[in-house]
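[1] Quick one, structure for this:
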Amino acid sequence: MSTSPDTAGSQKHQPQLADRQVAPPHFKGSLDAVILIDAAGRVTEFNSVAESTFGFGRGRTAGRDFVNLLVPRRLHRQVSAGIARCRTACESGLLGGSLEALVVYGNGSEVPVRITVTSMALSGELLLRIRSSDALARKNAGRLLGQYQVRLQSLAAELLLTEERERRRLAIDLHDGLGQTIALLQMKLVALRGSAGAALESPLKEIEGLIEQANRSTRSIAFDLSPPVLHDLGLEPAVEWLVEDLRARYGLEVELEDDGQPKPADESIRIILFRSIRELLINAAKHANADRVQLSLHRENGSVCAAVEDDGVGMQADPLAVEGTGLLSIRERLSHVGGTMLIESSPGQGTKVYLRAPLTSKLSTKTEKGR
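    Next comes the predicted model:
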């Protein structure tokens with residue numbers, strides 16, 4: 001950085017760095033990278049945060065020209081002029097501004113930072129105080145947060161689909177394994193009753209009742225795990241079965257409305273919507289203390305839409321503020337396949353939840369491959 005003759009002459013009489021006044025306590029205790037430069041543009045102080053941030057040891061910075069030390073070569077003239085203007089502004093009583101800039105780290109890499117320039121006086125000399133917080137770190141943090149959000153949505157959706165595959169496998173095992181065994185028992189029992197005497201009629205009838213009860217329980221568990229109607233017939237018949245099941249199980253009055261339009265959704269979409277609707281209906285029965293629920297299914301262009309409205313106790317409309325309802329999981333799963341969830345609710349006013357999902361999803365291919 002060039003200096004005028006007067007400035008150069010004054011440098012001969014400037015005290016050594018070791019003789020300068022010690023920087024104020026807030027300088028060394030700062031959580032930001034702080035650099036002090038004198039009127040000639042030389043580094044006089046470089047705090048420990050700056051050392052670790054920029055990758056320079058203290059011995060490599062003291063007395064060095066700030067521009068040559070930290071500014072990319074192609075920007076030397078521009079930054080030197082900017083510092084000169086800032087010095088003039090500071091000397092005239094104007095506060096320094098905040099700007100985005102590029103700095104060269106000790107390893108030679110160029111990194112964007114935000115620099116705030118102010119002025120202060122040490123030992124009767126004008127100094128510039130540069131507070132720098134890594135803008136790249138902020139940008140990277142935002143980028144990583146977005147990536148983590150997408151990954152969370154992906155994991156939530158893929159976990160549900162993986163769980164559904166396991167549910168279906170267990171349901172098939174129950175039907176083909178235990179179900180077949182129970183059917184064989186019934187056949188053996190019929191044959192045994194034909195050859196048994198009257199004395200065994202009563203106990204055999206009791207055994208027959210227990211076997212029939214086991215058969216019903218097995219079929220019910222298999223349907224709960226993975227209703228075949230969802231995979232074989234589609235979303236609408238599966239939702240109809242779900243409504244009847246919840247009416248019988250919880251005594252919940254559910255009114256189902258369907259626009260009658262075909263909804264040929266991919267299997268992954270059917271699974272996500274079915275499980276989401278089931279979660280919302282169970283929430284209405286168990287947590288909202290609802291007596292009546294209106295459930296509607298309709299198609300809008302290339303999307304399947306569902307609305308679940310209950311007359312329960314209501315809640316906060318933000319799913320993050322509601323614990324134990326799975327609403328956040330529903331939102332993450334839908335988001336990953338390009339769907340949305342909207343909640344309208346307030347305490348004491350019931351709850352209405354809108355679900356929307358596209359008919360096709362990229363997850364369908366993954367589901368097929370995962371079988």
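[2] in stretch 217-236, what's buried?
    218, 219, 222, 223, 225, 226, 227, 229, 230, 234, 235, 236 (16 or more other Cβ atoms under 10 Å). Backbone N, C-alpha and C define where each C-beta goes, glycine included.
[3] Check stretch 36-52 too.
    Within stretch 36-52, the residues scored as buried using 16+ other Cβ under 10 Å are 36-47, 49-51.
[4] Please list the members of the buried residues of stretch 217-236 that lie in helices.
    Counting by DSSP state H, the buried residues of stretch 217-236 place 218, 219, 222, 223, 225, 229, 230, 235, 236 in helices.
[5] how near is the last one to residue 262?
    Shown here: residue 236 relative to residue 262, a distance of 9 Å by Cβ to Cβ, to the nearest Å.
[6] One more: residue 274?
    For residue 274, the distance to residue 262 - Cβ to Cβ - is 17 Å.
[7] Going along the chain, name the helices of the stretch 201-350 of the chain.
    201-225, 228-232, 235-250, 267-286, 327-336 (DSSP state H, counting those that start in this stretch).
[8] In CSV: those helices, plus distance to residue 192 and mean pLDDT.
    Shown next, in CSV, are these (distance: least, Cβ to Cβ, whole Å; pLDDT from 0 to 100):
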stretch, distance to residue 192, mean pLDDT
helix 201-225, 7, 78
helix 228-232, 32, 83
helix 235-250, 34, 89
helix 267-286, 41, 89
helix 327-336, 50, 84
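[9] and stretch 256-266, average pLDDT?
    The predicted model assigns stretch 256-266 a mean pLDDT of 91.
[10] buried residues in it?
    Residues of stretch 256-266 classed as buried by neighbour count (16+ other Cβ under 10 Å): 263, 265, 266.
[11] Please name the nearest non-neighbouring residue to the second one.
    It refers to residue 265. Nearest non-adjacent residue to residue 265, counting by Cβ to Cβ, 6 or more residues apart in numbering: residue 359, 4.9 Å away.
[12] circling back: so which of the ones in helices among the buried residues of stretch 217-236 is the closest to residue 110?
    Using Cβ to Cβ, residue 235 comes nearest to residue 110 of these, at 53.6 Å.
[13] Please verify my assumption that the closest one contacts residue 263.
    Yes. Under the criterion of Cβ atoms under 8 Å, residue 235 makes contact with residue 263 at 5.7 Å.
[14] Common neighbours of the two, please.
    Here residue 235 and residue 263 share the contacting residues 297, 304, scored by Cβ atoms under 8 Å, 6 or more residues apart in numbering.
[15] any chance you could map the strands in the stretch 251-371 of the chain?
    With DSSP state E, counting those that start in this stretch as the criterion, the stretch 251-371 of the chain has strands at 253-258, 292-300, 303-310, 340-345, 351-358.
[16] what's the angle from the third one to strand 253-258?
    The one in question is strand 303-310. Interaxial angle, strand 303-310 versus strand 253-258 (axes from the mean of the first three to the mean of the last three Cα atoms, to 10 degrees): 160 degrees.
[17] what's in contact with strand 303-310?
    Identification of contacts with strand 303-310 by Cβ under 8 Å, 6+ apart yields 235, 263, 265, 269, 273, 276-277, 280-281, 284, 288, 290, 292-299, 339, 350-359.
[18] circling back to that earlier point, can you put the buried residues of stretch 256-266 in JSON lines and add distance to residue 108?
    Formatted as JSON lines, the buried residues of stretch 256-266 follow (distance: Cβ to Cβ, whole Å):
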{"residue": "263", "distance to residue 108": "58"}
{"residue": "265", "distance to residue 108": "54"}
{"residue": "266", "distance to residue 108": "50"}
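[19] from those residues, which is closest to residue 243?
    Distances from residue 243 to the buried residues of stretch 256-266, taken as Cβ to Cβ, are shortest for residue 263 (16.0 Å).
[20] What's the separation between that closest one and residue 358?
    Using Cβ to Cβ, residue 263 is found at 11 Å from residue 358.
[21] ok so, going back, switch the buried residues of stretch 217-236 over to a markdown table; also include distance to residue 66.
    Conversion of these to a markdown table gives the following (distance: Cβ to Cβ, whole Å):
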| residue | distance to residue 66 |
| --- | --- |
| 218 | 79 |
| 219 | 79 |
| 222 | 74 |
| 223 | 74 |
| 225 | 69 |
| 226 | 68 |
| 227 | 71 |
| 229 | 73 |
| 230 | 68 |
| 234 | 69 |
| 235 | 66 |
| 236 | 70 |
